[in-house]
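[1] Need coordinates for the following:
(one chain, ligands or ions: 2)
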Amino acid sequence: MFEIVRRDGLARIGRFSTRAGEIETPALLPVVNPKICTVPPKELREEFGFGALITNSYIIKNTPELREKALSEGLHSLLGFDGIIMTDSGTFQSHMYGEVEVTNKEMVDFQRDVGSDIGTVLDIFTEPYWTKKRTAESIEVTLERMQEACSLKGDMMINGVVQGSVYHDLREDCARRMAEMDIDVHPIGGVVPLMEQYRYSELVDVVIASKKGLDPSRPVHLFGAGHPMVLALAALMGCDLFDSASYAKFARDDRMMFIDGTYRLADMQSLDCNCPACRGHNISSLRKLPKGERTKTIARHNLYQITSELAMVKRYIREGRLWELAEMRCRAHPALLDALRRLKAHTAFLERYEPLSREGAMFYTGPESRARPQFLRYSERVMHRYVPPTDKAVLFPDAGKPYSRVYQQKFAEARRMGLTPVVMSPFGPVPAELDEIYPIAQSLFPSISDAETEKVSEDLTMDFISAMGFVETVSSEDIPEGPEETQEERDSADRLRAKAVARYQFGMEAADALFREPVELVKSRKTGKIRNVISDGEHVLSMRAGDGLYTLRAEGAARILDAVPAPAMRVVVDDDAAPFVSEGRNVFSRFVLSMDPEIRPMEEVAVVSSDGRLLATGRALLTAGETASFPKGVAVKVRSGSGDDA
Ligand code: GUN
Ligand code: ZN
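    Ligands and ions are numbered 1, 2, ... in the order given. Below is the predicted model:
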């Protein structure tokens, strides 16, 4: 069972529960080689806090002493670990070190019989150099074995490994067909060679293609990914679980993992690491340790690097800033920078899961930041949902925020001249009315801009000018410094703002319904900012100070239901849940009958009954696809019920 607690990008902080306990994701499972045990499982749990590990059932099965002990006492006793044990099936061993005869049935039976909590199908490893034909044929075999594994698994959970080499359509298809089966976790397999060869941009395509086909309610494991430098990027793409054999393998070769790469002890100039394993050591004392002790010290160092980065990844997800962390991490190596750049090809997919706004400010880290879904979303909405009040525009440079404060007098004078003020920002054109919405106001850019973003901003502004049909565009330098803005002028600018934000957030038709005249704006006495929109005597909207966007009131939602055809903005719940929702209880995913597929996380929605009656307003926490697949969890955080369903 898997439940989302927090989300950012495609990443999720989740609760994954198994019969051996629960772990919080993203989580890394250290690989334990039962024959070597570089760091004993007890220590992995007690010192490092790993709640789950992965071991190889194939090695155990092929080692008589281990096999007997595992079958008689169980895997948990064999390893001395009472957390979650995942087992791999031997696919990788037989693939890397030559074919050894075992069958899928034998391997699944064995994993179940020794008490593995999560076993793995004997999938066929699809190499990146394989032809499409060979890949497609072997996927068919993996899928057949998967069916068999599902029928044999008993009460063990089962890993359904998505294969498909570098063929995106095959990956997506394999994922989609596995989504139909009774599978508990989805590792993405066949990616170790891509990571070993630093082909990270291809890894991005492979992970996204797999994610597209998978069921969002199942955790995704990136097989063989355990280097701290890839964790932020992989989590951002929606990988929930990772495993690392490298911490021990590298240690045996005297290689140390750091956030910016792996370094040979022989090549390092100094140690300068303050992790608990290295504390008290310098480079020469570490080198002088006897081999066994050195391996163990380096393995522990490697584990500390992994756990501290994983903690960092979680912190950034909780703060809604994982894009920033991934962008920083991907600058550690040009191949990772390629991966970050490649992510841009998938922005439209990522946008579907991107929350409408978040609490903190968005930091720009370089031209790659433009791949973030917020950029795409803003430019699409401003193009399609903005209506200029006049047919002439005036362009202002970005000289500090908020624009309507920085340019207060100039904007007022421009409006007197019949001009629509537009600022050329790194997001592209920002009409004065939209300068306080997320992410325009809540973003930080360096004051020395880069050529790429400047160029994109210019291009987008030119597209906007032509799309809006402006007959004339002038420069801000042509605007004289006029008299102070009068109260009347400010009120009229606020009315433009109020409606422009509603169009941006809810679309044209909804905004017209929400702004039926007479419209009165209630403003904060302290800040002068818009607080409430009263239309025709009804309080329809409240503007949030934090993100400059609206909270939808029941009266507003009722207007939208009348004006905009279903399924727009609606979440339909079943009749049993209706009374609870109208009392203000949250909507759990299992009670949702259907939902507008265009709803993004954190968007305002109308919760309605099966016959279309308004029950409540609230904010969506899940997308329609997620709501349909998650058996547990809150789909809509309800703000206030209509209270009239009793
Ligand atoms: N370990 C690393 N990659 C793979 C894979 O593709 N399949 C399995 N079963 N194990 C792996
Ligand atoms: Zn260290």
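[2] Flag the shaky bits of the protein, pLDDT-wise.
    Where the chain drops to pLDDT under 70, the residues are 98-100, 641-646.
[3] how about a cut-off of 80?
    Within the chain, the stretches with pLDDT under 80 are 93-101, 640-646.
[4] The closest residue to residue 213 other than its chain neighbours: neighbour count?
    Spatially, and ignoring its direct neighbours in sequence, residue 213 is nearest to residue 175 (2.9 Å; Cβ to Cβ, 6 or more residues apart in numbering). C-beta coordinates here come from the backbone N, C-alpha and C atoms, glycine included. Residues lying near residue 175 (other Cβ atoms under 10 Å) number 23.
[5] Give me the phi and psi angles of the residue of the stretch 351-500 of the chain found nearest ligand 2.
    Per Cβ to the ion, residue 365 is where the stretch 351-500 of the chain lies closest to ligand 2, at 26.7 Å. Here is the backbone geometry of residue 365 (degrees, to the nearest 10): phi -110, psi 0.
[6] now the strands: where do they sit in the stretch 101-250 of the chain?
    Applying DSSP state E, counting those that start in this stretch to the stretch 101-250 of the chain gives strands spanning 118-120, 157-159, 186-188, 220-222, 241-244.
[7] Reformat the ones you listed as TSV; add distance to ligand 1 and mean neighbour count.
    Formatted as TSV, these follow (distance: least, Cβ to the nearest ligand atom, whole Å; neighbours: other Cβ atoms under 10 Å):
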stretch	distance to ligand 1	mean neighbour count
strand 118-120	5	29
strand 157-159	7	24
strand 186-188	6	27
strand 220-222	9	27
strand 241-244	8	24
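[8] Dump these to JSON lines, plus distance to residue 408.
    Below are these laid out as JSON lines (distance: least, Cβ to Cβ, whole Å):
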{"stretch": "strand 118-120", "distance to residue 408": "60"}
{"stretch": "strand 157-159", "distance to residue 408": "60"}
{"stretch": "strand 186-188", "distance to residue 408": "52"}
{"stretch": "strand 220-222", "distance to residue 408": "49"}
{"stretch": "strand 241-244", "distance to residue 408": "51"}
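[9] quick one, which of those strands is nearest to ligand 2?
    strand 241-244 (15.5 Å).
[10] Only C-alpha atoms, please: export that closest one in PDB.
    The C-alpha trace of strand 241-244 is given here as PDB (Å, rounded to 0.1, in the frame of the first residue of the first chain):
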ATOM      1  CA  LEU A 241      12.900   3.700  -4.400                       C
ATOM      2  CA  PHE A 242      16.600   3.200  -5.200                       C
ATOM      3  CA  ASP A 243      19.200   0.600  -4.400                       C
ATOM      4  CA  SER A 244      22.900   0.800  -4.100                       C
END
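[11] neighbouring contacts of it?
    Around strand 241-244, the neighbours that count as contacts under Cβ atoms under 8 Å, 6 or more residues apart in numbering are 16, 25-31, 54, 86, 185, 187, 219-227, 231, 234, 302, 306.
[12] run the last query once more with 10 Å
    The contact list for strand 241-244 (Cβ atoms under 10 Å, 6 or more residues apart in numbering) reads 14, 16, 23, 25-31, 52-54, 86, 88, 118, 159, 185-187, 219-228, 230-231, 234-235, 250, 257, 302-303, 306, 310.
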